[in-house]
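Peer 1: Sequence below, structure please.
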Amino acid sequence: MAKLLSMKAVSERVGYSESKLYAMIREGEFPPGRKLATGGVRWLESDVDEWIMHAYEQAPEARLRLA
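Peer 2: Sure, this is the predicted structure:
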């Protein structure tokens with residue numbers, strides 16, 4: 001069964017503020033949520049997880065200096 005996430009849950013899951021996510025949605029950089037008939041907007045957990053994996057795959061490797 002599909003799990004629906006609120007913006008707060010999406011923000012916590014992704015690690016970005018809600019305002020940053022709304023800006024990314026406007027720019028087409030993050031999937032928009034769906035308006036529910038009962039009110040509110042929700043995101044499919046699978047859509048958010050897919051975005052996270054895609055962002056991770058596109059990110060360069062971190063070059064950490066170990067002292």
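
Peer 1: buried stuff in the strand or helix carrying residue 56?
Peer 2: For residue 56, the host element (DSSP states H and E) is helix 45-58. Using 16 or more other CB atoms under 10 Å as the test for burial, helix 45-58 gives 47, 48, 51. C-beta coordinates here come from the backbone N, C-alpha and C atoms, glycine included.

Peer 1: where along this protein do the strands fall?
Peer 2: Assigned by DSSP state E, the strands in the chain fall at 4-5, 34-35, 41-44.

Peer 1: Within the sheet, what are the partner strands of the first one, with directions?
Peer 2: Taking DSSP bridges as the criterion, strand 4-5 forms sheet pairs with strand 41-44 (antiparallel).

Peer 1: Also the second one?
Peer 2: On the basis of DSSP bridges, the sheet neighbours of strand 34-35 come out as strand 41-44 (antiparallel).

Peer 1: which parts of the strand it pairs with are buried?
Peer 2: 42, 43.

Peer 1: For it, output the C-alpha coordinates as CSV.
Peer 2: Taking C-alpha atoms only, strand 41-44 is exported to CSV below (Å, rounded to 0.1, in the frame of the first residue of the first chain):
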residue,chain,number,x,y,z
VAL,A,41,-1.4,18.1,-0.3
ARG,A,42,0.5,14.8,0.1
TRP,A,43,3.5,13.2,-1.6
LEU,A,44,3.9,9.5,-2.4
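
Peer 1: ok, and what's touching that strand?
Peer 2: Residues outside strand 41-44 that contact it (CB atoms under 8 Å, 6 or more residues apart in numbering) are 2, 3, 4, 5, 6, 7, 10, 31, 33, 34, 35, 36.
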